[in-house]
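>>> Sequence first, predicted model second:
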Amino acid sequence: MTQAGPEHQADPEGGDRRGLRIIEAFADALWMERGLSENTLAAYQSDLRAFQHWLSHERGRALDAAERADLLDYLALLAQQGRKPRSSARVLSCLRQFYRHLLRQGLVTEDPSERVDAPRLGRPLPKTLTEADVEALLAAPDADDPRGHRDRTMLEVLYASGLRVTELVTLRPDAVSLTQGVVRITGKGGKERLVPLGEEATSWIASYVRGPRAVLLGSRACDYLFPTQRSDCMTRQAFWQLIKRYAAEAGILKPLSPHTVRHAFATHLLNHGADLRVVQMLLGHSDLSTTQIYTHVARERLKQLHATHHPRA
């Protein structure tokens with residue numbers, strides 16, 4: 001690391017103008033090399049100025065004289081201040097890019113971020129719905145209206161099968177066996193899987209095919225089970241707008257994502273004792289580790305139930 005000689009000492013006026021010039025040069029290089037947006041560049045510069053300010057006032061060093069211990073202490077300080085691991089990881093990523101840039105420019109002889117480990121982020125738990133939430137969501141569409149009947153059937157199929165939204169909107173009539181109560185899905189990587197629908201969803205599909213679907217199509221044809229008013233394939237964005245609308249009508253205030261109902265399908269199966277590998281097969285996950293995230297959701301639910309109902313909780 002470059003030694004903290006006179007030109008590398010922090011400015012007693014509180015500025016370290018040389019450091020600010022280095023930060024600006026780094027931002028210019030990022031813009032030229034990677035075409036980053038103004039917002040991203042501004043965030044990088046803000047993180048670097050905050051580190052520069054701390055480094056100057058707490059350690060009396062300039063940016064290009066920072067040591068590994070400085071970075072470790074600064075990240076520890078951020079954690080003490082309540083900074084989330086993901087935010088601290090972003091700061092470290094910024095510092096790494098900055099010091100690699102200085103190393104390439106010959107402004108430092110060592111990279112102080114080289115042996116600094118990123119904070120462990122963990123994996124965010126998927127947002128899910130309670131069983132009561134799902135019942136309210138399913139009941140929201142007006143099934144007496146052809147479009148409402150279509151929407152109710154889509155929601156029933158989605159919750160019964162745990163399909164991805166894209167798999168649902170591109171579902172074709174010949175992929176559904178009403179006699180066997182299963183749907184054949186070609187998922188990611190072209191892998192096929194058979195997913196049971198259950199009596200309720202099968203009944204809704206049968207009722208929908210007998211009447212409302214024909215009303216929606218009129219004299220037109222469509223290759224998809226759930227056509228739009230124009231007899232086209234519904235986009236996943238359009239379907240998600242439907243879900244958000246019905247969630248609002250059902251009084252569900254939780255934030256929704258395109259996979260919320262799929263998450264509910266998996267979590268509720270595990271809550272009722274389903275085997276994890278069975279859920280993996282139903283979801284079409286190639287790796288069991290992808291499915292294991294749902295065990296954490298189910299475990300949290302069991303803790304809540306225990307805390308609520310056990311006399312010694």
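The structure has been received and is ready for your questions.

>>> switch to C-alpha atoms for all contacts and neighbour counts from now on
OK.

>>> which other helices and strands contact the biggest helix by length in the chain?
As assigned by DSSP state H, the longest helix anywhere in the chain is helix 85-105. Secondary-structure packing of helix 85-105 (3 or more Cα pairs under 8 Å, 6 or more residues apart in numbering; DSSP states H and E): helix 38-54, helix 68-80.

>>> so who does the nearest residue in space to Ala143 that is not next to it in sequence touch?
Closest residue in space to Ala143, ignoring its immediate chain neighbours: His149 at 4.0 Å, by Cα to Cα, 6 or more residues apart in numbering. His149 makes contact with 141-143, 208, 212, according to Cα atoms under 8 Å, 6 or more residues apart in numbering.

>>> any idea which of the residues you listed is closest to Leu194?
Distance to Leu194, by Cα to Cα, is smallest for Tyr208 among the contacts of His149, at 21.2 Å.

>>> Okay, buried residues for whichever helix or strand that closest one is part of please.
Assigning secondary structure by DSSP states H and E places Tyr208 in helix 198-210. Buried positions in helix 198-210, judged by neighbour count with 16 or more other Cα atoms under 10 Å: 198, 201-202, 204-205, 208-209.

>>> Mind listing residues that contact it?
By Cα under 8 Å, 6+ apart, helix 198-210 touches 149-150, 153, 156-157, 160, 178, 181-182.

>>> If we use 6 Å, what do you get?
153, 156-157, 181 (Cα atoms under 6 Å, 6 or more residues apart in numbering).

>>> before we move on, what about stretch 88-102?
Applying Cα under 6 Å, 6+ apart, the contact partners of stretch 88-102 are 108, 111, 113, 118-119.

>>> now do 8 Å
Taking Cα under 8 Å, 6+ apart as the rule, stretch 88-102 contacts 26, 44, 47-48, 64, 75, 78-79, 108, 111-114, 118-119.

>>> Could you do stretch 231-249 as well?
Contacts of stretch 231-249 (Cα under 8 Å, 6+ apart): 137, 140-141, 151, 165-166, 169-170, 216-217, 220-222, 224, 226-228, 253, 256, 258.

>>> Narrow those residues to those that are buried.
For those, buried by 16+ other Cα under 10 Å: 137, 140-141, 151, 165, 169-170, 216-217, 224, 226-228, 256, 258.

>>> and the two most separated of the contacts of stretch 88-102?
Greatest spatial distance in the contacts of stretch 88-102: Ala79 and Val108, 27.3 Å, computed using Cα to Cα.

>>> more crowded one of the two?
Neighbour comparison, Ala79 and Val108: the larger count goes to Val108, with 20 against 15 (by other Cα atoms under 10 Å).

>>> Next one: the more buried one, what pLDDT does it get?
At Val108, the pLDDT value in this model is 90.

>>> Verify the stated contact: it with Ala62.
No - assessed by Cα atoms under 8 Å, Val108 is found out of contact with Ala62, at 11.6 Å.

>>> following the helix holding Tyr208, which helix or strand shows up next?
Next along the chain after helix 198-210, taking DSSP H and E as the criterion, comes helix 212-217.

>>> Okay, helices next: where are they in this structure?
17-34, 38-54, 68-80, 85-105, 131-139, 146-161, 165-169, 198-210, 212-217, 236-249, 260-271, 276-283, 288-291, 293-309.

>>> Dump these to a markdown table, plus mean pLDDT and distance to Thr186.
Formatted as a markdown table, these follow (pLDDT from 0 to 100; distance: least, Cα to Cα, whole Å):
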| stretch | mean pLDDT | distance to Thr186 |
| --- | --- | --- |
| helix 17-34 | 87 | 37 |
| helix 38-54 | 91 | 38 |
| helix 68-80 | 88 | 45 |
| helix 85-105 | 89 | 35 |
| helix 131-139 | 92 | 25 |
| helix 146-161 | 93 | 13 |
| helix 165-169 | 91 | 8 |
| helix 198-210 | 94 | 19 |
| helix 212-217 | 93 | 23 |
| helix 236-249 | 92 | 17 |
| helix 260-271 | 80 | 16 |
| helix 276-283 | 69 | 12 |
| helix 288-291 | 52 | 18 |
| helix 293-309 | 53 | 23 |
